[in-house]
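> make a model of this:
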Amino acid sequence: MKCPFCDAIEDKVLESRETEEGKVIRRRRECLSCRERFTSYERVEEKPVSVIKRDGRKEQFSREKVTKGILRACEKRPVSAEAIEELVDEVEKQVHREAGREVNTVKIGELVMAQLQNIDKIAYVRFASVCRKFENLSEFIREVNEITVGG
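As a prediction, the model looks like this:
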């Protein structure tokens, strides 16, 4: 495992822990060169899922892209890294369980929004505004009213 701080390849594992019902092993590591600590994850390789984009293109499902979108929505919000990681884990699990071999971006967005609404309403509205492509202020206000009346 290459150290993210100094690029050395020698490290020692300090702790290993199973997560996600045994599908992921989290390893806490220490670089033998610079002594910095970092975390790595080993995941079960799932069957590949193609994501159908709005314009019809297909690309492989990317956990990193989902994480990046959620992080952007949660920027400067009191949402922990652990909560984001759990959200991404749950969305990825649902995509692999329900999608078969293909899923469209709208479905992924809906899965994220269903989870995000319970974590942080502001982050939810930010994500929804991009995912649902709000065209004007009235659509934005309608969404805010729905979550404030419903929650």
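
> where does the prediction get shaky in the protein?
For the chain, the stretches with pLDDT under 70 are 20, 46, 99, 140, 149-151.

> immediately after the lengthiest helix in the chain, which helix or strand?
Identified as the longest helix of the chain according to DSSP state H is helix 81-98. Using DSSP states H and E, the helix or strand that follows helix 81-98 towards the C-terminus is strand 102-104.

> for that next one, packing partners?
strand 50-52 (3 or more C-beta pairs under 8 Å, 6 or more residues apart in numbering; DSSP states H and E). In short, each C-beta sits where N, CA and C put it, glycine included.

> pull the distance from the strand it packs on to the chain's centre.
16 Å (C-alpha atoms, centre = their mean, to the nearest Å).

> ditto for stretch 21-37
20 Å.

> number the residues from 772 up from this point.
Renumbered: residue one is now 772, and that last one reads stretch 792-808.

> okay, buried residues for the longest helix of the chain please.
For helix 852-869, the neighbour count (16 or more other C-beta atoms under 10 Å) marks 854-856, 858-860, 862-863, 865-867 as buried.

> verify the stated contact: A899 with V883.
No: counting by C-beta atoms under 8 Å, A899 does not reach V883; the two are 9.3 Å apart.

> report the residue ranges of every domain in the chain.
Following automatic domain parsing, one finds the domains of the chain at 772-816, 817-921.

> which of these sits most buried?
Ranked by mean neighbour count, the domains of the chain are led by domain 817-921 with a mean of 15 (mean count of other C-beta atoms under 10 Å).
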